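A.B. asks: Build the 3D model from these lines:
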Amino acid sequence: NQVMAWCLQRAGSSTCRLYVKELLVSALPSVTKINSKRNSLPKCCIFCTDHTSVTKEPTEQHTLLDNRLQEVKISHVKTDNVLKPKIDEKFASLYEGINEIHITPALPSRSFNLAPYVNESETLRCLVDLGVDLSKVEKNPDVASYILKMDLQKDVKPYLLFLRTVGIPDDQLGQFITKNPGIFQQDLDHLQVRINYLASKKFSIDAVSRIITKAPDVLSMTTKDLDKQLGYYQKEFKLTGDQVRYVITRYPKLTTANLTSVQHMKFNLKEFMGYRELELKQLLLDCPRLYLRGSRAVKERFAYLYNNMKISADSITTWPNILSTRTNIIRQRHLFLKHLKRDQFDPKKPNFVSLKAMVTGTDVEFCQSVAKVTISEYNNFLKML
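C.D. replies: So this is what the prediction gives:
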């Protein structure tokens with residue numbers, strides 16, 4: 001009884017005490033002759049993790065008790081009451097219904113993954129139905145968390161109606177939001193001010209629709225920044241008002257472009273490729289995307305055209321899109337035409353091949369209309385490169 005009282009007193013928890021009691025009841029009959037004094041018991045209960053309360057070393061008798069206790073198989077101990085404690089009757093119905101509870105994920109303060117919340121969020125389901133790519137939206141955690149907490153009727157639909165009003169087609173709404181999910185954080189009145197600004201610059205309704213569809217970030221720019229962008233192109237390239245509207249409508253991404261990159265490309269076209277101011281202006285009007293390409297790649301293409309194909313800088317301006325074509329395509333098709341002895345790029349001579357004809361279209365179209373051979377012959381040639 002003293003051993004049991006001592007062990008139970010030192011058991012760490014109610015569960016541990018029940019467990020100790022069961023073991024002692026089954027173990028003590030064979031060790032009743034052991035003189036168990038409280039001040040000479042083992043330094044701790046073998047069932048408890050607290051080994052600091054008693055510091056005395058165990059005696060030979062205590063070792064016998066420990067060995068006997070360890071021989072008892074745990075499987076012989078009835079643990080029903082330990083593992084399944086009795087439940088008050090008034091809580092029984094609640095306990096039985098726990099497995100039927102449907103636990104939904106809580107809305108996080110910041111979310112890096114929107115997918116788990118689609119089934120529970122009406123807003124996210126609507127965006128997915130529109131074609132929004134949530135994997136791209138969630139790259140901005142602040143915007144993703146903001147959208148996750150938005151109400152569809154109150155917060156989302158007014159923006160969708162606005163975007164439709166300014167001319168964005170229904171089948172483009174998803175793409176627009178994917179590119180500029182931060183639109184929901186903008187004040188609707190401010191968005192209207194930016195539309196009014198473009199209208200004040202005499203952009204047509206169709207032009208405004210094209211600009212914001214192709215360059216969604218335009219609606220997140222202040223009117224001051226918009227004015228700075230348009231003013232740069234007009235001043236730097238000496239464009240008229242009509243020319244500004246033409247080039248921006250043709251390639252709306254110029255509106256949101258990094259002006260430092262544009263200036264760097266202009267410098268390379270002028271200093272490295274030798275184009276004059278008037279030609280730089282014409283390049284912008286004919287191929288505005290050229291000014292947003294990487295300078296290194298454009299210089300590489302120009303060098304190949306000029307040095308390997310013997311195309312003059314003036315001839316390149318007749319179709320400047322060649323400078324936006326991958327160097328690998330230019331090189332492969334040129335070498336194949338050279339192999340066929342059809343590399344004739346002088347418009348004044350017979351069998352002239354234009355730069356546009358050489359690089360546009362699929363390989364099959366190139367072989368049929370330019371090289372005049374089968375696609376298999378072209379593919380075999382490429383294997384030898």
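A.B. asks: Thr318 and Leu283: what is the separation?
C.D. replies: 11 Å (CB to CB, to the nearest Å). From N, CA and C alone the C-beta is placed, and that goes for glycine too.
A.B. asks: and these two? which has more neighbours close in?
C.D. replies: Set Thr318 next to Leu283 and count neighbours by other CB atoms under 10 Å: Leu283 wins out with 22 against 14.
A.B. asks: In the stretch 251-385 of the chain, where is pLDDT below threshold?
C.D. replies: Nowhere does the stretch 251-385 of the chain drop to pLDDT under 70.
A.B. asks: ok, which stretches of the stretch 51-200 of the chain are helices?
C.D. replies: 60-71, 80-83, 89-96, 122-130, 134-137, 141-148, 157-165, 173-179, 188-200 (DSSP state H, counting those that start in this stretch).
A.B. asks: Now do the last one: distance to the chain's middle.
C.D. replies: In terms of CA atoms, centre = their mean, to the nearest Å, the centre of helix 188-200 is found 30 Å from the chain centre.
A.B. asks: quick one, the helix or strand following it and helix 188-200 angle?
C.D. replies: Under the assignment DSSP states H and E, the closest C-terminal helix or strand after helix 188-200 is helix 205-214. Per axes from the mean of the first three to the mean of the last three CA atoms, to 10 degrees, the angle that helix 205-214 makes with helix 188-200 is 130 degrees.
A.B. asks: Mind listing what's buried along the helix or strand following helix 205-214?
C.D. replies: Following helix 205-214 in sequence order, the next helix or strand is helix 223-236 (DSSP H and E). Across helix 223-236, burial judged by 16 or more other CB atoms under 10 Å covers Leu226, Gln229, Leu230, Tyr233, Glu236.
A.B. asks: what's the answer for stretch 155-164, then?
C.D. replies: In stretch 155-164, counting by 16+ other CB under 10 Å, buried: Val156, Tyr159, Leu160, Phe162, Leu163.
A.B. asks: if I look at Lys270, how far off is Leu278?
C.D. replies: 11 Å.
A.B. asks: ok, the two, which is more surrounded?
C.D. replies: Taking neighbours as other CB under 10 Å, Lys270 and Leu278 compare with Lys270 leading, 14 against 10.
A.B. asks: I'd say Val128 and Glu122 touch.
C.D. replies: No. Applying CB atoms under 8 Å as the test, Val128 and Glu122 come out as separate, 10.9 Å apart.
A.B. asks: Of these two, which one has the most company?
C.D. replies: Val128 (16 against 13).
A.B. asks: Excluding covalently adjacent residues, which one is nearest to the more buried one?
C.D. replies: Val118 (6.2 Å; CB to CB, 6 or more residues apart in numbering).
A.B. asks: okay, the one you found: pLDDT?
C.D. replies: For Val118, the pLDDT comes out at 88.
A.B. asks: Check the one 4 residues further on too.
C.D. replies: Turning to Glu122, the model gives it a pLDDT of 92.
A.B. asks: Would you check that it makes contact with Met150?
C.D. replies: No. Taking contacts as CB under 8 Å, Glu122 lies outside contact range of Met150: 9.8 Å.
A.B. asks: shared neighbours of the two, anything?
C.D. replies: Among the neighbours of Glu122, none is also in contact with Met150 (CB atoms under 8 Å, 6 or more residues apart in numbering).
A.B. asks: just to revisit the earlier point, quick one: contacts for the residue nearest to Val128?
C.D. replies: Leu124, Arg125, Val128, Leu134.
A.B. asks: Most neighbours of all those residues, which one?
C.D. replies: Leu124 (23 neighbours).
A.B. asks: nearest to Lys266, of the buried residues of helix 223-236?
C.D. replies: Glu236 (7.3 Å; CB to CB).
A.B. asks: quick one: the closest one from Leu254, how far?
C.D. replies: For Glu236, the distance to Leu254 - CB to CB - is 11 Å.
A.B. asks: how would you label Phe343: helix, strand or coil?
C.D. replies: Check again: residue 343 is Asp, not Phe. Assigned with DSSP: H, G, I helix; E, B strand; the rest coil, Asp343 falls in the coil class.
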